[in-house]
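Colleague: sharing a sequence plus its predicted fold:
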Amino acid sequence: MNASALRVKIAWRLNRLRCMSASELGHRVQEAARAHLQRRGLLTASRVPAVEEGGGTRNWMAAAPSLDPAPYIAAAESIAAGRLDVFALSGASLGNPPRWNRDPGSGTEFPATFGQHLDYRGLGGGADIKFVWEPNRHLHLPTLAQAYVLTGEATHLEALRGQIETWLEQCPYLRGPNWCSALEAGIRLINWSLAWQLAGGDASPLFAGAAGKALRRRWLDSVFQHMHFIRHRFSQHSSANNHLIGEAAGLFVAANTWPCWTEARSWGETARGILEREALLQNAPDGGNREQAFAYQQFVLNFLIVAGLAARASGIDFSGQYWARIEAMLEFIASVMDAGGNVPMIGDADDGFVMRLSREADWCPFRSLLATGAVLYRRGDFRAKAGRIDAQTQWLLGGWAGGAFDALLPDPAGLPVRRAFPESGYYILGDRFESAEEIRTVADAGPLGYLSIAAHGHADALAMTLSVGGKEYLVDPGTYAYNTERKWRDYFRGTGAHNTVRVDGRDQSEIGGSFLWLRKARARCERWSSDENFDELIASHDGYTRLADPVTHRRTIRLDKRQRHITVTDEIGCLEEHTVEVRWHFAESCSVHERDGKAIAEREGHRVTLGVAEGAATLRLFRGDEAGPAGWVSRRFGLRTPATTAIWSARTRGALRLVTLIEIG
């Protein structure tokens, strides 16, 4: 590790300590002590108890649907050949047999040392643990089992056998990068459960003969060890975010798939209690996920739904409150999604999925959730937003789901379900919803993120997006990177990468590390109103009051539905001299040029024009600028694409008022 990286690491750890309570510090000490003991062979699950008499495994998945096998066969053949899509790496080579501890992007092989002490951020050479963990989540293993179910071809089961056997050989208990994270273990267990059931459960040809029985024993041993690992490494305190839900979901699904041991049944009850509690804590009553990251909304929803389906099939359903919160979360997605199916990329996104049971080329995880929700809750409005039932919904719910979906009457008239989400801090301004003339703006007046570290939030207070007729114009540019390329990590989550005001080149909130915020801007809605002619949001935040000369920012967003234009009034309060920038980020599909001090964005025959109607400011356009940086959009983790950013800059001493007029043609 070089000196610069060491300084960053030390600073991160010091900042992390600043955010910890006394109880969290105590928990961390206990956790570290346990890890040291496990490294010495104590408090481990190295000796797995025998499967109890009558403790067979349980299949809770519904019957397989009737689907075209072709895409599953093609995907299965690619997997068997050692090729897999890993984030932006299309057809990445995992090797044949796979090299499970290798980053397919950089080629770095992670050491098979004690996993909980592995410094996976300090290897250098462009190594990124995310690119190791992604294929080790085993989302692709159910695909092999699906291909077998749809074709009856034993070659797909043999490919599945090879994947499991090589993983068990290369990733021994507690060793290597795949024994670092309880969340990763939880997601792996969910996909092992799906693959196990689809392959036929205990009666699968996989387990025939002496070799099959040996595989079953080794696989079950690892299942038990995964469950033990998760049970004693639950994320707590400031880390009790989506990780805790994912860990509990993985443990609960495993306990219901493999109730083979007394311990497993006990751990399942513990996990169930966590899910009941965290479903309500981590997701607001209005349906917004408290991490303030829309991608994590779908991530958490899939955990909650798959755990709920496992519980229902086992006769131990979750509470009505649990299912009601899931329905509210689906309503949130249906409301922020535009007529074209676009969901703003607000907050962190890492292309993370719990499972991938669909092989449709145009599969959308948000629409998939709405299709599942349409069937579960008998909601015609969800059906209207989903458009059609997807394969993942049919695999999860069974062949009957297609008929139940088709029987629902699509109901776009009631959309969006809600316009104001006061607990989450989001507001939807718009007109002619669900039509080719739709205007939809999603404005952010919510918290930075969840708990003390606000890990997945972005410094985007008072930012807004705009789509017209289901086409994006003003966007949140996304995330791009997590553990690598610190410059880009900080840019994409910083204020400069959002459609809001930046003061003196500073972020509204103070960055303390890749997943850590120190001083946090507090945003609040001062007024929200909506009628047939106007929508208006007035909101403010205090992020810049930390400056030596405190600066306040209040923004008013007003949509005139008759004139089809939006006025955005930014009021800056200060005493001394400051540089103020109003930034607007256009979708990469927009062609943007400057004319008479205005930014004109065109796509597919439509036009949106932005100009300063009041106040003095200088306009500059940036596209793919590395130095700023400015002018980028990231639609996939690890991939950034040039796009246009328009920046109006002003130097002011004392109060400033800038009014931006957005005309929709």
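Modeller: The structure has been received and is ready for your questions.
Colleague: list the contacts of the residue lying closest to residue 191 once chain neighbours are set aside.
Modeller: Distances taken as CB to CB, 6 or more residues apart in numbering place residue 138 nearest to residue 191, at 4.3 Å, with adjacent residues excluded. In short, each C-beta sits where N, CA and C put it, glycine included. By CB atoms under 8 Å, 6 or more residues apart in numbering, the residues touching residue 138 are 163, 167, 187-188, 191-192, 195.
Colleague: what's the helix or strand containing residue 443 packed up against?
Modeller: Assigned by DSSP states H and E, residue 443 belongs to strand 439-444. Contacts defined by 3 or more CB pairs under 8 Å, 6 or more residues apart in numbering; DSSP states H and E place strand 439-444 against strand 426-431, strand 464-468, strand 552-560.
Colleague: pairing partners for that strand, with directions?
Modeller: The pairing partners recorded for strand 439-444 under DSSP bridges are strand 426-431 (antiparallel), strand 464-468 (antiparallel).
Colleague: of those strands, flag the one that's most buried.
Modeller: Highest mean neighbour count among the strands paired with strand 439-444 (mean count of other CB atoms under 10 Å): strand 464-468, with a mean of 26.
Colleague: neighbouring contacts of it?
Modeller: Taking CB under 8 Å, 6+ apart as the rule, strand 464-468 contacts 338-340, 342, 344, 346, 438-444, 472-476, 499-500, 557, 566, 568, 606, 608, 662, 664.
Colleague: if we can go back for a sec, hmm, which two among the contacts of residue 138 are most spread apart?
Modeller: 163 and 187 (15.5 Å; CB to CB).
Colleague: tell me which of the two has more neighbours.
Modeller: residue 187 (27 against 22; other CB atoms under 10 Å).
Colleague: residues contacting the more buried one?
Modeller: Taking CB under 8 Å, 6+ apart, one finds 137-139, 246, 250, 354 in contact with residue 187.
Colleague: out of these, who has the most neighbours?
Modeller: Busiest of the contacts of residue 187 [other CB under 10 Å] is residue 250, holding 30 neighbours.
Colleague: tell me the spacing between the nearest residue to residue 96 once chain neighbours are set aside and residue 163.
Modeller: In space, residue 96 comes closest to residue 82 once its chain neighbours are excluded; the distance is 3.6 Å by CB to CB, 6+ apart. Distance, residue 82 to residue 163, by CB to CB, to the nearest Å: 10 Å.
Colleague: follow-up on the earlier one: out of the contacts of residue 138, list just those in helices.
Modeller: Within those, residues falling in helices by DSSP state H are 163, 167, 187-188, 191-192, 195.
Colleague: and residue 64, what does it touch?
Modeller: 146, 149-150, 198, 395, 398-399.
Colleague: mind redoing it with 6 Å?
Modeller: residue 149 (CB atoms under 6 Å, 6 or more residues apart in numbering).
Colleague: which SS class is it?
Modeller: Secondary structure, DSSP: H, G, I helix; E, B strand; the rest coil: residue 64 is coil.
Colleague: how close does the closest residue to residue 100 other than its chain neighbours sit to residue 530?
Modeller: Distance criterion CB to CB, 6+ apart; nearest residue to residue 100, sequence neighbours excluded, is residue 170 at 4.7 Å. From residue 170 over to residue 530 the distance is 57 Å, taken as CB to CB.
Colleague: likewise residue 656?
Modeller: Residue 656 is 28 Å from residue 530, by CB to CB.
Colleague: repeat that for residue 149.
Modeller: 49 Å.
Colleague: more neighbours: the two, which one.
Modeller: Just comparing residue 149 and residue 530: by other CB under 10 Å the higher neighbour count belongs to residue 149, 20 against 17.
Colleague: how far away is that one from residue 253?
Modeller: For residue 149, the distance to residue 253 equals 19 Å [CB to CB].
Colleague: low-confidence ranges in the stretch 151-300 of the chain?
Modeller: Low-confidence segments of the stretch 151-300 of the chain, defined by pLDDT under 70: none present.
Colleague: quick one, helices of it?
Modeller: 154-170, 182-198, 209-231, 242-257, 262-281, 294-313 (DSSP state H, counting those that start in this stretch).
Colleague: any idea which of those helices is most buried?
Modeller: helix 242-257 (a mean of 27).
Colleague: what packs against that one?
Modeller: helix 182-198, helix 209-231, helix 262-281, helix 294-313 (3 or more CB pairs under 6 Å, 6 or more residues apart in numbering; DSSP states H and E).
Colleague: packing partners for the second one?
Modeller: This means helix 209-231. Short answer (3+ CB pairs under 6 Å, 6+ apart): helix 209-231 packs on helix 154-170, helix 182-198, helix 242-257, helix 262-281.
Colleague: and the last one, by the same measure?
Modeller: Here helix 294-313 touches helix 242-257, helix 365-377, going by 3+ CB pairs under 6 Å, 6+ apart.
Colleague: right, and the helix or strand after it?
Modeller: helix 320-336.
Colleague: for residue 143, which non-adjacent residue is closest in space?
Modeller: With CB to CB, 6+ apart, the residue lying closest to residue 143 is residue 75, at 5.0 Å.
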